[in-house]
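Enquirer: With the input below, show me the fold.
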Amino acid sequence: MQTPEIAVTCCALYYYRWLFNSTMRALLFTACTAFVFSAAPVYAQKKLTQLKLQSTLDSLYTVEATLYQLWAVAQGDSARTRLERKLANTLERHQLRVQALTTTYGFPTYTMVGQATSRRFGALVLRYNRFPEFQQQVQQLMAKEVKKDNADDITYATLTDVLELRAGRPQVYGTQLAYQGTGLVVREPLLDPAKVNKRRTDIGLEPLEDYLKKQKNKHQPKHNIK
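Expert: Below is the predicted model:
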């Protein structure tokens, strides 16, 4: 099953700003990612098996999303600094909570919590860049579920590429993009580029050329029309 990859661009373009500049924009665009994940189409499902977990994850997601929104509209440096500290503390607390939930329940799959909440869980994990060991744990759990179409392929591919690049290895699926000159390119290095579309197809993603073309069109500079 193929789902929209709009959200990947946000992670791709701003993940490295977080690492090198430590700016709040990186976190803000990760929040944007979460909204797009949750907006992806939800298909008919059987009765969910973990409604309490679903409610907890949705609550954590909502708290973080609200803080990102408040930061985005905050006026003045002091207000933004105050919200940055609150957000950093919230992310740290939530990471511990989400990690404990993962230890108890495993990866929250579509059949457990529904597609929207499962994607929100993925968005939460992508925000926790300070906890790569936990992100690696989730990526490994997801690998099994993606094969069963019980977890989001976009989240899995993005998390995989983020972890690989952070470790100094080539990305696998080409989800991480960067600006080069005036346009978008796949961030190098990329593992065996000749086989990237095979890897993408295996987990339900569109060919890399189509994905990159879409993202270039979406992120073209807007010029004033006189």
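
Enquirer: Sketch out the low-pLDDT regions of this structure for me.
Expert: For the chain, the stretches with pLDDT under 70 are 1-45, 220-226.

Enquirer: repeat that for 80
Expert: 1-46, 182, 219-226 (pLDDT under 80).

Enquirer: Run through the strands of it in chain order.
Expert: Per DSSP state E, the chain carries strands over the ranges 177-180, 183-186.

Enquirer: Make a markdown table out of those and add distance to Arg127 and mean neighbour count.
Expert: C-beta here means a position set from N, CA and C on the backbone, and glycine is covered the same way. Below are the strands of the chain laid out as a markdown table (distance: least, CB to CB, whole Å; neighbours: other CB atoms under 10 Å):
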| stretch | distance to Arg127 | mean neighbour count |
| --- | --- | --- |
| strand 177-180 | 19 | 14 |
| strand 183-186 | 23 | 17 |
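
Enquirer: could I get these as CSV with distance to Lys144?
Expert: Shown next, in CSV, are the strands of the chain (distance: least, CB to CB, whole Å):
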stretch, distance to Lys144
strand 177-180, 27
strand 183-186, 27
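
Enquirer: Out of those strands, the one nearest Met112 is which?
Expert: Of all the strands of the chain, it is strand 177-180 that lies closest to Met112, at 31.4 Å by CB to CB.

Enquirer: one step back: and Leu57, which of the strands of the chain is closest to it?
Expert: Going by CB to CB, the one of the strands of the chain nearest Leu57 is strand 177-180, 27.9 Å.

Enquirer: Give the partner strands of that closest one in its sheet and their orientations.
Expert: strand 183-186 (antiparallel) (DSSP bridges).

Enquirer: which secondary structure elements does the longest helix along the chain contact?
Expert: Determined from DSSP state H, the single longest helix within the chain is helix 77-105. On a contact count with 3 or more CB pairs under 8 Å, 6 or more residues apart in numbering; DSSP states H and E, helix 77-105 meets helix 24-39, helix 51-73, helix 115-127, helix 132-147.

Enquirer: Next, the angle from the last one to helix 77-105.
Expert: The one in question is helix 132-147. 60 degrees (axes from the mean of the first three to the mean of the last three CA atoms, to 10 degrees).

Enquirer: In helix 132-147, which residues are buried?
Expert: By 16 or more other CB atoms under 10 Å, the buried positions in helix 132-147 come out as 134-135, 137-139, 141-142, 145-146.

Enquirer: That helix packs against which elements?
Expert: So helix 132-147, by 3+ CB pairs under 8 Å, 6+ apart, packs with helix 77-105, helix 115-127, helix 153-166.

Enquirer: How far does that helix sit from its chain's centre?
Expert: Chain-centre distance of helix 132-147: 13 Å, with CA atoms, centre = their mean, to the nearest Å.

Enquirer: residues in contact with that helix?
Expert: 95, 98-99, 102, 106-107, 109, 122, 125-126, 128-129, 151-153, 155-156, 159-160, 162-163, 166, 203 (CB atoms under 8 Å, 6 or more residues apart in numbering).

Enquirer: Now which of the residues you listed would you call buried?
Expert: Here, 16+ other CB under 10 Å leaves 95, 98-99, 102, 107, 109, 122, 125-126, 128-129, 151-153, 155-156, 159-160, 162-163, 203 buried among the contacts of helix 132-147.

Enquirer: No further questions, thank you.
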